[in-house]
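Colleague: Sequence unavailable; structure follows:
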DNA sequence: GTCTATACACAGATAGAC
DNA sequence: GTCTATCTGTGTATAGAC
(Lines give C-alpha, C1' and ligand atoms only; values in the text may rest on other atoms or scores of the structure.)
Protein backbone atom coordinates (compact mmCIF):
# COMPACT_ATOMS: atom_id res chain seq x y z
CA UNK A 1 0.00 0.00 0.00
CA UNK A 2 2.80 2.37 0.86
CA UNK A 3 4.58 1.43 -2.36
CA UNK A 4 1.47 1.96 -4.39
CA UNK A 5 0.91 5.35 -2.85
CA UNK A 6 4.45 6.32 -3.70
CA UNK A 7 3.95 5.25 -7.29
CA UNK A 8 0.77 7.23 -7.41
CA UNK A 9 2.58 10.26 -6.11
CA UNK A 10 5.16 9.98 -8.86
CA UNK A 11 2.42 9.66 -11.41
CA UNK A 12 0.70 12.68 -10.00
CA UNK A 13 3.85 14.74 -10.17
CA UNK A 14 4.37 13.83 -13.81
CA UNK A 15 0.80 14.59 -14.71
CA UNK A 16 1.17 17.94 -13.01
CA UNK A 17 4.25 18.63 -15.10
CA UNK A 18 2.29 17.84 -18.25
CA UNK A 19 -0.65 20.00 -17.36
CA UNK A 20 1.58 22.87 -16.36
CA UNK A 21 3.39 22.65 -19.67
CA UNK A 22 0.08 22.63 -21.50
CA UNK A 23 -1.08 25.60 -19.48
CA UNK A 24 2.01 27.61 -20.38
CA UNK A 25 1.78 26.68 -24.06
CA UNK A 26 -1.93 27.46 -24.25
CA UNK A 27 -1.30 30.82 -22.63
CA UNK A 28 1.47 31.75 -25.03
CA UNK A 29 0.96 29.99 -28.39
CA UNK A 30 -2.65 28.95 -28.27
CA UNK A 31 -4.19 25.56 -28.90
CA UNK A 32 -3.60 25.15 -32.61
CA UNK A 33 0.04 26.18 -32.53
CA UNK A 34 0.74 23.95 -29.55
CA UNK A 35 2.12 20.53 -30.50
CA UNK A 36 2.17 17.45 -28.32
CA UNK A 37 5.89 17.18 -29.06
CA UNK A 38 6.38 20.55 -27.38
CA UNK A 39 4.28 19.47 -24.45
CA UNK A 40 6.42 16.39 -24.01
CA UNK A 41 9.63 18.38 -24.32
CA UNK A 42 8.49 20.98 -21.78
CA UNK A 43 7.32 18.30 -19.40
CA UNK A 44 10.61 16.45 -19.80
CA UNK A 45 9.37 13.13 -21.13
CA UNK A 46 8.70 11.30 -24.37
CA UNK A 47 5.57 11.95 -26.37
CA UNK A 48 4.35 8.39 -25.88
CA UNK A 49 4.47 8.93 -22.14
CA UNK A 50 2.22 11.94 -22.47
CA UNK A 51 -0.26 9.75 -24.30
CA UNK A 52 -0.17 7.23 -21.46
CA UNK A 53 -1.62 9.92 -19.21
CA UNK A 54 -3.94 11.69 -21.64
CA UNK A 55 -5.74 10.08 -24.54
CA UNK A 56 -5.61 13.02 -26.94
CA UNK A 57 -4.52 16.58 -27.48
CA UNK A 58 -8.07 17.68 -26.75
CA UNK A 59 -7.86 15.94 -23.40
CA UNK A 60 -4.69 17.87 -22.67
CA UNK A 61 -6.47 21.14 -23.31
CA UNK A 62 -9.41 20.05 -21.19
CA UNK A 63 -7.12 19.17 -18.30
CA UNK A 64 -5.48 22.58 -18.44
CA UNK A 65 -8.84 24.30 -18.53
CA UNK A 66 -10.07 22.24 -15.58
CA UNK A 67 -7.04 23.36 -13.62
CA UNK A 68 -7.60 26.98 -14.57
CA UNK A 69 -11.23 26.75 -13.57
CA UNK A 70 -10.18 25.17 -10.27
CA UNK A 71 -7.91 28.13 -9.64
CA UNK A 72 -10.75 30.49 -10.47
CA UNK A 73 -13.19 28.70 -8.20
CA UNK A 74 -10.62 28.71 -5.41
CA UNK A 75 -10.12 32.44 -5.83
CA UNK A 76 -13.86 33.06 -5.82
CA UNK A 77 -14.33 30.90 -2.73
CA UNK A 78 -11.67 32.97 -1.03
CA UNK A 79 -13.60 36.11 -1.85
CA UNK A 80 -16.81 34.63 -0.53
CA UNK A 81 -15.28 34.49 2.92
CA UNK A 82 -15.50 38.26 3.04
CA UNK A 83 -19.26 38.72 2.92
CA UNK A 84 -19.02 42.39 3.81
CA UNK A 85 -17.65 43.29 0.37
CA UNK A 86 -20.16 44.61 -2.12
CA UNK A 87 -21.06 42.40 -5.10
CA UNK A 88 -19.55 44.83 -7.59
CA UNK A 89 -16.26 44.79 -5.74
CA UNK A 90 -16.26 41.02 -5.75
CA UNK A 91 -16.81 41.00 -9.48
CA UNK A 92 -14.04 43.54 -9.94
CA UNK A 93 -11.72 41.37 -7.92
CA UNK A 94 -12.51 38.41 -10.15
CA UNK A 95 -11.89 40.43 -13.31
CA UNK A 96 -8.66 41.71 -11.84
CA UNK A 97 -7.54 38.22 -10.98
CA UNK A 98 -8.25 37.01 -14.51
CA UNK A 99 -6.41 39.91 -16.11
CA UNK A 100 -3.46 39.50 -13.76
CA UNK A 101 -3.33 35.80 -14.59
CA UNK A 102 -3.21 36.63 -18.26
CA UNK A 103 -0.43 39.16 -17.68
CA UNK A 104 1.56 36.52 -15.82
CA UNK A 105 1.13 34.07 -18.70
CA UNK A 106 -0.86 31.69 -16.53
CA UNK A 107 -4.22 31.94 -18.21
CA UNK A 108 -4.75 29.30 -20.89
CA UNK A 109 -6.96 30.39 -23.72
CA UNK A 110 -8.63 28.36 -26.41
CA UNK A 111 -9.96 29.39 -29.79
CA UNK A 112 -13.60 30.33 -29.31
CA UNK A 113 -14.41 29.07 -32.77
CA UNK A 114 -12.91 25.59 -33.06
CA UNK A 115 -15.98 23.39 -33.13
CA UNK A 116 -14.18 20.08 -32.66
CA UNK A 117 -12.50 21.27 -29.50
CA UNK A 118 -15.62 23.01 -28.21
CA UNK A 119 -17.62 19.85 -28.65
CA UNK A 120 -15.11 17.70 -26.81
CA UNK A 121 -15.04 20.24 -23.99
CA UNK A 122 -18.79 20.34 -23.68
CA UNK A 123 -18.77 16.56 -23.46
CA UNK A 124 -16.19 16.68 -20.69
CA UNK A 125 -17.89 16.30 -17.33
CA UNK A 126 -15.03 17.56 -15.19
CA UNK A 127 -14.80 20.67 -17.31
CA UNK A 128 -18.53 21.34 -17.46
CA UNK A 129 -19.02 20.79 -13.74
CA UNK A 130 -16.46 23.41 -12.89
CA UNK A 131 -17.64 25.82 -15.54
CA UNK A 132 -21.18 25.64 -14.25
CA UNK A 133 -20.07 25.87 -10.65
CA UNK A 134 -18.06 28.98 -11.36
CA UNK A 135 -20.85 30.51 -13.40
CA UNK A 136 -23.34 29.91 -10.61
CA UNK A 137 -21.16 31.54 -8.02
CA UNK A 138 -20.54 34.57 -10.18
CA UNK A 139 -24.18 34.82 -11.13
CA UNK A 140 -25.13 35.35 -7.51
CA UNK A 141 -22.99 38.47 -7.34
CA UNK A 142 -24.20 39.62 -10.73
CA UNK A 143 -27.83 39.36 -9.69
CA UNK A 144 -27.12 41.12 -6.42
CA UNK A 145 -25.24 43.88 -8.19
CA UNK A 146 -28.13 44.38 -10.58
CA UNK A 147 -30.71 44.38 -7.81
CA UNK A 148 -28.81 46.94 -5.81
CA UNK A 149 -28.24 49.10 -8.88
CA UNK A 150 -24.48 48.69 -9.03
CA UNK A 151 -24.59 47.37 -12.57
CA UNK A 152 -27.19 48.06 -15.20
CA UNK A 153 -30.30 45.92 -15.21
CA UNK A 154 -30.77 46.69 -18.87
CA UNK A 155 -28.14 44.11 -19.72
CA UNK A 156 -28.89 40.39 -19.56
CA UNK A 157 -27.18 38.89 -16.52
CA UNK A 158 -25.52 36.39 -18.84
CA UNK A 159 -23.70 39.19 -20.56
CA UNK A 160 -21.82 40.24 -17.46
CA UNK A 161 -20.68 36.64 -17.16
CA UNK A 162 -19.54 36.55 -20.78
CA UNK A 163 -17.70 39.83 -20.30
CA UNK A 164 -15.75 38.41 -17.38
CA UNK A 165 -14.75 35.33 -19.35
CA UNK A 166 -13.86 37.49 -22.34
CA UNK A 167 -11.60 39.76 -20.30
CA UNK A 168 -9.64 36.72 -19.19
CA UNK A 169 -8.40 36.45 -22.77
CA UNK A 170 -8.76 40.04 -23.94
CA UNK A 171 -6.26 40.83 -26.71
CA UNK A 172 -6.09 44.39 -25.42
CA UNK A 173 -4.02 43.09 -22.52
CA UNK A 174 -1.52 41.49 -24.86
CA UNK A 175 -1.34 44.53 -27.11
CA UNK A 176 -0.66 46.88 -24.21
CA UNK A 177 1.91 44.49 -22.85
CA UNK A 178 3.56 44.08 -26.26
CA UNK A 179 3.95 47.84 -26.55
CA UNK A 180 6.36 47.62 -23.64
CA UNK A 181 5.41 51.07 -22.42
CA UNK A 182 3.34 50.18 -19.39
CA UNK A 183 3.69 48.24 -16.19
CA UNK A 184 1.52 45.26 -15.44
CA UNK A 185 -0.11 47.28 -12.67
CA UNK A 186 -1.13 50.03 -15.09
CA UNK A 187 -2.51 47.56 -17.60
CA UNK A 188 -4.43 45.73 -14.89
CA UNK A 189 -5.93 48.97 -13.60
CA UNK A 190 -6.88 50.29 -17.02
CA UNK A 191 -8.46 47.11 -18.34
CA UNK A 192 -10.39 46.57 -15.13
CA UNK A 193 -11.58 50.15 -15.08
CA UNK A 194 -12.74 50.17 -18.71
CA UNK A 195 -14.50 46.84 -18.24
CA UNK A 196 -16.75 48.25 -15.55
CA UNK A 197 -16.80 51.97 -16.22
CA UNK A 198 -16.13 52.25 -19.93
CA UNK A 199 -13.85 54.88 -21.40
CA UNK A 200 -15.66 57.97 -20.15
CA UNK A 201 -13.90 60.36 -17.84
CA UNK A 202 -14.83 59.87 -14.20
CA UNK A 203 -17.83 62.01 -13.39
CA UNK A 204 -16.99 64.82 -10.98
CA UNK A 205 -18.24 64.36 -7.46
CA UNK B 1 -6.14 45.87 -75.53
CA UNK B 2 -9.86 45.13 -75.25
CA UNK B 3 -9.13 41.40 -75.12
CA UNK B 4 -6.52 41.85 -72.46
CA UNK B 5 -8.81 44.01 -70.39
CA UNK B 6 -11.48 41.33 -70.65
CA UNK B 7 -9.06 38.68 -69.46
CA UNK B 8 -8.04 40.91 -66.62
CA UNK B 9 -11.64 41.34 -65.65
CA UNK B 10 -12.15 37.59 -65.50
CA UNK B 11 -9.05 37.26 -63.38
CA UNK B 12 -10.31 39.97 -61.07
CA UNK B 13 -13.65 38.25 -60.65
CA UNK B 14 -11.99 34.97 -59.74
CA UNK B 15 -9.67 36.63 -57.28
CA UNK B 16 -12.65 38.32 -55.70
CA UNK B 17 -14.33 34.96 -55.35
CA UNK B 18 -11.25 33.60 -53.61
CA UNK B 19 -10.92 36.50 -51.22
CA UNK B 20 -14.61 36.43 -50.38
CA UNK B 21 -14.38 32.73 -49.59
CA UNK B 22 -11.37 33.36 -47.39
CA UNK B 23 -13.20 36.17 -45.66
CA UNK B 24 -16.17 33.96 -44.86
CA UNK B 25 -13.99 31.11 -43.66
CA UNK B 26 -11.85 33.38 -41.50
CA UNK B 27 -14.98 34.86 -39.97
CA UNK B 28 -16.46 31.47 -39.14
CA UNK B 29 -13.71 28.89 -38.61
CA UNK B 30 -10.65 31.03 -38.05
CA UNK B 31 -7.28 30.85 -39.74
CA UNK B 32 -5.94 27.57 -38.44
CA UNK B 33 -9.10 25.59 -39.10
CA UNK B 34 -9.40 27.03 -42.59
CA UNK B 35 -7.87 24.83 -45.29
CA UNK B 36 -6.92 25.88 -48.78
CA UNK B 37 -9.00 22.98 -50.07
CA UNK B 38 -12.05 24.59 -48.52
CA UNK B 39 -11.13 27.93 -50.00
CA UNK B 40 -10.88 26.38 -53.44
CA UNK B 41 -14.16 24.53 -53.02
CA UNK B 42 -16.00 27.65 -51.85
CA UNK B 43 -14.50 29.71 -54.63
CA UNK B 44 -15.45 27.04 -57.16
CA UNK B 45 -12.05 26.17 -58.55
CA UNK B 46 -9.16 23.77 -58.11
CA UNK B 47 -6.66 24.29 -55.36
CA UNK B 48 -3.83 24.74 -57.82
CA UNK B 49 -5.73 27.65 -59.35
CA UNK B 50 -5.91 29.33 -55.98
CA UNK B 51 -2.15 29.07 -55.74
CA UNK B 52 -1.79 30.71 -59.15
CA UNK B 53 -3.36 33.82 -57.65
CA UNK B 54 -1.89 33.72 -54.15
CA UNK B 55 1.46 32.31 -53.20
CA UNK B 56 0.55 30.93 -49.80
CA UNK B 57 -2.15 30.50 -47.22
CA UNK B 58 -0.69 33.44 -45.34
CA UNK B 59 -1.11 35.57 -48.44
CA UNK B 60 -4.74 34.53 -48.59
CA UNK B 61 -5.27 35.74 -45.05
CA UNK B 62 -3.45 38.95 -45.78
CA UNK B 63 -5.62 39.61 -48.82
CA UNK B 64 -8.78 39.13 -46.77
CA UNK B 65 -7.48 41.43 -44.08
CA UNK B 66 -6.58 44.06 -46.65
CA UNK B 67 -10.10 43.92 -47.98
CA UNK B 68 -11.56 44.20 -44.50
CA UNK B 69 -9.33 47.16 -43.74
CA UNK B 70 -10.39 48.75 -47.02
CA UNK B 71 -14.01 48.40 -45.97
CA UNK B 72 -13.17 49.94 -42.61
CA UNK B 73 -11.31 52.86 -44.17
CA UNK B 74 -14.18 53.42 -46.58
CA UNK B 75 -16.64 53.48 -43.70
CA UNK B 76 -14.46 55.89 -41.75
CA UNK B 77 -14.05 58.15 -44.77
CA UNK B 78 -17.82 58.22 -45.12
CA UNK B 79 -18.10 59.35 -41.52
CA UNK B 80 -15.52 62.06 -42.06
CA UNK B 81 -17.86 63.75 -44.51
CA UNK B 82 -20.08 64.67 -41.61
CA UNK B 83 -17.72 66.96 -39.70
CA UNK B 84 -20.48 68.20 -37.43
CA UNK B 85 -20.62 64.89 -35.56
CA UNK B 86 -18.74 64.76 -32.27
CA UNK B 87 -15.59 62.63 -32.10
CA UNK B 88 -17.11 60.25 -29.59
CA UNK B 89 -20.08 59.62 -31.86
CA UNK B 90 -17.77 58.93 -34.75
CA UNK B 91 -15.88 56.39 -32.65
CA UNK B 92 -19.15 54.81 -31.56
CA UNK B 93 -20.20 54.54 -35.17
CA UNK B 94 -16.95 52.75 -35.99
CA UNK B 95 -17.36 50.34 -33.10
CA UNK B 96 -20.94 49.71 -34.13
CA UNK B 97 -19.90 49.01 -37.69
CA UNK B 98 -17.26 46.53 -36.55
CA UNK B 99 -19.67 44.72 -34.25
CA UNK B 100 -22.36 44.62 -36.92
CA UNK B 101 -19.84 43.21 -39.38
CA UNK B 102 -18.99 40.49 -36.94
CA UNK B 103 -22.65 39.70 -36.40
CA UNK B 104 -23.13 39.39 -40.16
CA UNK B 105 -20.20 37.00 -40.40
CA UNK B 106 -18.24 39.43 -42.55
CA UNK B 107 -15.43 40.26 -40.17
CA UNK B 108 -12.40 38.05 -40.64
CA UNK B 109 -10.42 37.43 -37.51
CA UNK B 110 -6.97 36.03 -37.06
CA UNK B 111 -5.34 34.46 -34.03
CA UNK B 112 -3.67 37.28 -32.14
CA UNK B 113 -0.92 34.92 -31.00
CA UNK B 114 0.29 33.08 -34.09
CA UNK B 115 3.75 34.49 -34.56
CA UNK B 116 4.36 33.09 -38.05
CA UNK B 117 1.23 34.71 -39.41
CA UNK B 118 1.78 37.95 -37.50
CA UNK B 119 5.26 38.25 -38.91
CA UNK B 120 4.15 37.72 -42.47
CA UNK B 121 1.41 40.31 -41.99
CA UNK B 122 3.79 42.86 -40.56
CA UNK B 123 5.99 42.31 -43.57
CA UNK B 124 3.05 42.88 -45.92
CA UNK B 125 3.11 46.44 -47.21
CA UNK B 126 -0.47 46.55 -48.45
CA UNK B 127 -1.69 45.37 -45.10
CA UNK B 128 0.51 47.66 -43.02
CA UNK B 129 -0.29 50.72 -45.12
CA UNK B 130 -3.99 50.27 -44.56
CA UNK B 131 -3.60 49.42 -40.90
CA UNK B 132 -1.57 52.56 -40.29
CA UNK B 133 -3.91 54.69 -42.37
CA UNK B 134 -6.92 53.47 -40.41
CA UNK B 135 -5.13 53.91 -37.10
CA UNK B 136 -4.18 57.46 -37.98
CA UNK B 137 -7.70 58.43 -38.91
CA UNK B 138 -9.12 56.94 -35.74
CA UNK B 139 -6.40 58.51 -33.63
CA UNK B 140 -7.51 61.97 -34.68
CA UNK B 141 -10.95 61.36 -33.22
CA UNK B 142 -9.50 59.74 -30.15
CA UNK B 143 -7.28 62.71 -29.43
CA UNK B 144 -10.15 65.12 -30.02
CA UNK B 145 -12.42 63.12 -27.75
CA UNK B 146 -9.81 63.16 -25.02
CA UNK B 147 -9.15 66.88 -25.41
CA UNK B 148 -12.83 67.71 -25.22
CA UNK B 149 -13.31 65.43 -22.24
CA UNK B 150 -15.56 62.89 -23.95
CA UNK B 151 -13.26 60.03 -23.13
CA UNK B 152 -10.89 59.75 -20.24
CA UNK B 153 -7.44 61.25 -20.62
CA UNK B 154 -6.15 58.88 -17.99
CA UNK B 155 -6.01 56.12 -20.59
CA UNK B 156 -3.29 56.00 -23.22
CA UNK B 157 -4.73 57.01 -26.59
CA UNK B 158 -3.41 53.74 -27.99
CA UNK B 159 -5.68 51.81 -25.69
CA UNK B 160 -8.85 53.23 -27.20
CA UNK B 161 -7.52 52.09 -30.56
CA UNK B 162 -6.81 48.60 -29.25
CA UNK B 163 -10.26 48.44 -27.71
CA UNK B 164 -11.88 49.23 -31.05
CA UNK B 165 -9.90 46.50 -32.82
CA UNK B 166 -10.63 44.07 -29.99
CA UNK B 167 -14.38 44.67 -30.17
CA UNK B 168 -14.30 43.75 -33.84
CA UNK B 169 -13.53 40.18 -32.74
CA UNK B 170 -15.04 40.18 -29.25
CA UNK B 171 -16.13 36.68 -28.23
CA UNK B 172 -18.95 38.25 -26.23
CA UNK B 173 -20.70 38.94 -29.51
CA UNK B 174 -20.49 35.32 -30.55
CA UNK B 175 -21.60 34.06 -27.14
CA UNK B 176 -24.65 36.30 -27.08
CA UNK B 177 -25.49 35.30 -30.63
CA UNK B 178 -25.00 31.61 -29.86
CA UNK B 179 -27.46 31.84 -26.99
CA UNK B 180 -30.13 32.55 -29.59
CA UNK B 181 -32.08 34.72 -27.19
CA UNK B 182 -31.34 38.15 -28.58
CA UNK B 183 -31.65 40.02 -31.83
CA UNK B 184 -28.63 41.37 -33.63
CA UNK B 185 -29.86 44.86 -32.84
CA UNK B 186 -29.89 44.16 -29.11
CA UNK B 187 -26.42 42.62 -29.18
CA UNK B 188 -25.09 45.54 -31.19
CA UNK B 189 -26.56 48.06 -28.77
CA UNK B 190 -25.36 46.26 -25.66
CA UNK B 191 -21.82 45.64 -26.79
CA UNK B 192 -21.44 49.17 -28.08
CA UNK B 193 -22.85 50.61 -24.88
CA UNK B 194 -20.63 48.57 -22.57
CA UNK B 195 -17.58 49.37 -24.66
CA UNK B 196 -17.98 53.09 -24.05
CA UNK B 197 -19.98 53.30 -20.85
CA UNK B 198 -19.14 50.10 -19.01
CA UNK B 199 -21.72 48.06 -17.15
CA UNK B 200 -22.88 50.72 -14.70
CA UNK B 201 -26.46 51.86 -14.75
CA UNK B 202 -26.96 55.12 -16.65
CA UNK B 203 -26.53 58.02 -14.24
CA UNK B 204 -29.75 59.90 -13.68
CA UNK B 205 -30.01 63.24 -15.40
C1' DG C 1 -4.67 29.82 -66.23
C1' DT C 2 -7.07 25.71 -65.09
C1' DC C 3 -7.14 21.29 -64.02
C1' DT C 4 -5.58 16.20 -62.00
C1' DA C 5 -2.32 14.03 -59.66
C1' DT C 6 1.38 14.05 -56.55
C1' DA C 7 5.28 15.43 -53.65
C1' DC C 8 6.54 16.79 -49.06
C1' DA C 9 6.28 17.90 -44.27
C1' DC C 10 4.44 17.85 -40.05
C1' DA C 11 1.77 16.53 -36.17
C1' DG C 12 -1.41 13.30 -33.81
C1' DA C 13 -1.36 8.85 -32.32
C1' DT C 14 0.50 3.99 -31.64
C1' DA C 15 3.67 -0.43 -31.56
C1' DG C 16 6.64 -2.93 -29.15
C1' DA C 17 10.98 -3.50 -26.56
C1' DC C 18 12.50 -2.73 -21.86
C1' DG D 1 5.17 3.51 -17.42
C1' DT D 2 8.85 5.02 -20.24
C1' DC D 3 11.22 5.06 -24.10
C1' DT D 4 12.56 4.83 -29.58
C1' DA D 5 10.80 4.18 -33.77
C1' DT D 6 7.02 4.21 -36.73
C1' DC D 7 2.42 4.58 -38.78
C1' DT D 8 -1.08 7.46 -40.67
C1' DG D 9 -3.80 11.19 -41.93
C1' DT D 10 -4.09 15.68 -43.37
C1' DG D 11 -2.84 19.97 -45.33
C1' DT D 12 0.44 23.07 -47.80
C1' DA D 13 2.38 23.46 -51.95
C1' DT D 14 3.85 22.03 -56.74
C1' DA D 15 4.46 19.30 -61.41
C1' DG D 16 2.97 18.76 -65.67
C1' DA D 17 -0.66 17.93 -69.11
C1' DC D 18 -4.04 20.71 -71.60
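Modeller: The structure has been received and is ready for your questions. Because the structure is a prediction, the values reported are computed rather than measured.
Colleague: interface residues of chain A facing DNA strand C?
Modeller: Residues of chain A found near DNA strand C (CB under 7 Å from any atom of the strand) are A:34, A:35, A:36, A:37, A:47, A:48, A:51, A:55, A:56, A:57, A:58. Heads up, the C-betas are built off the backbone N, CA and C, glycines and all.
Colleague: how close does the second one get to residue B:67?
Modeller: Noted for residue A:35: a distance of 31 Å to residue B:67, by CB to CB, to the nearest Å.
Colleague: which of the two has more neighbours?
Modeller: Higher neighbour count among residue A:35 and residue B:67: residue B:67, with 17 against 13, using other CB atoms under 10 Å in any protein chain shown.
Colleague: Please name the residues that touch the nearest residue to the more buried one once chain neighbours are set aside.
Modeller: Spatially, and ignoring its direct neighbours in sequence, residue B:67 is nearest to residue B:19 (5.7 Å; CB to CB, 6 or more residues apart in numbering or on different chains). Contacts here follow CB atoms under 8 Å, 6 or more residues apart in numbering or on different chains; on that basis residue B:19 touches B:60, B:63, B:64, B:67.
Colleague: Quick check: residue A:87 touching residue A:137?
Modeller: No - assessed by CB atoms under 8 Å, residue A:87 is found out of contact with residue A:137, at 11.6 Å.
Colleague: mind listing the helices for chain A?
Modeller: Secondary structure of chain A (DSSP state H): helices at A:2-28, A:36-43, A:47-53, A:57-80, A:87-103, A:115-122, A:125-147, A:157-167, A:171-179, A:184-197.
Colleague: what about these, which gets the closest to residue B:9?
Modeller: helix A:115-122 (37.5 Å; CB to CB).
Colleague: could you give the angle of that closest one to helix A:57-80?
Modeller: Using axes from the mean of the first three to the mean of the last three CA atoms, to 10 degrees, one finds that helix A:115-122 and helix A:57-80 are set 50 degrees apart in direction.
Colleague: for helix A:115-122, which positions count as buried?
Modeller: For helix A:115-122, the neighbour count (16 or more other CB atoms under 10 Å in any protein chain shown) marks A:117, A:120, A:121 as buried.
Colleague: Next: stretch A:52-63.
Modeller: Residues A:53, A:54, A:57, A:58, A:60, A:61, A:62, A:63 are the ones in stretch A:52-63 that count as buried (16+ other CB under 10 Å).
Colleague: Could you do stretch A:43-51 as well?
Modeller: A:43, A:45, A:50.
Colleague: Now do the closest residue to residue A:147 other than its chain neighbours, the pLDDT please.
Modeller: If the residues on either side of it in the chain are set aside, residue A:147 comes closest to residue A:153, at 8.0 Å by CB to CB, 6+ apart. Note for residue A:153: predicted pLDDT of 98.
Colleague: what about residue A:153, how many residues close to it?
Modeller: Residue A:153: 12 surrounding residues under other CB under 10 Å.
Colleague: Residue A:189 too?
Modeller: Using other CB under 10 Å, residue A:189 has 16 other residues around it.
Colleague: cool, residue A:15 as well?
Modeller: 15.
Colleague: Tell me how far it lies from residue A:34.
Modeller: Remark: distance between residue A:15 and residue A:34 (CB to CB) = 17 Å.
Colleague: quick one on the thing from earlier: tell me the one of the buried residues of helix A:115-122 nearest DNA strand C?
Modeller: Among those, residue A:120 lies closest to DNA strand C (CB to the nearest atom of the strand), at 9.7 Å.
Colleague: pLDDT weak spots in chain A?
Modeller: Along chain A, the parts satisfying pLDDT under 70 run over A:1-3, A:204-205.
Colleague: What values do phi and psi take at the residue nearest to residue A:147?
Modeller: Backbone torsions for residue A:153, taken as degrees, to the nearest 10, come to phi -90, psi 0.
Colleague: Tell me which residues touch the residue nearest to residue A:58 when sequence neighbours are not counted, please.
Modeller: In space, residue A:58 comes closest to residue A:120 once its chain neighbours are excluded; the distance is 4.3 Å by CB to CB, 6+ apart. Applying CB under 8 Å, 6+ apart, we find residue A:120 in contact with A:56, A:58, A:59, A:62.
Colleague: Tell me the one among those nearest to residue B:74.
Modeller: The nearest member of those to residue B:74, counting by CB to CB, is residue A:58 at 41.0 Å.
Colleague: From what I see, residue A:169 and residue A:111 are in contact.
Modeller: No - with contacts counted by CB under 8 Å, residue A:169 stays clear of residue A:111, the gap being 10.0 Å.
Colleague: if I pick the closest residue to residue A:54 other than its chain neighbours, what's in contact with it?
Modeller: The shortest distance from residue A:54 to any non-neighbouring residue, by CB to CB, 6+ apart, is to residue A:60 (5.1 Å). Neighbour list for residue A:60: A:18, A:19, A:22, A:36, A:39, A:50, A:54 [criterion: CB under 8 Å, 6+ apart].
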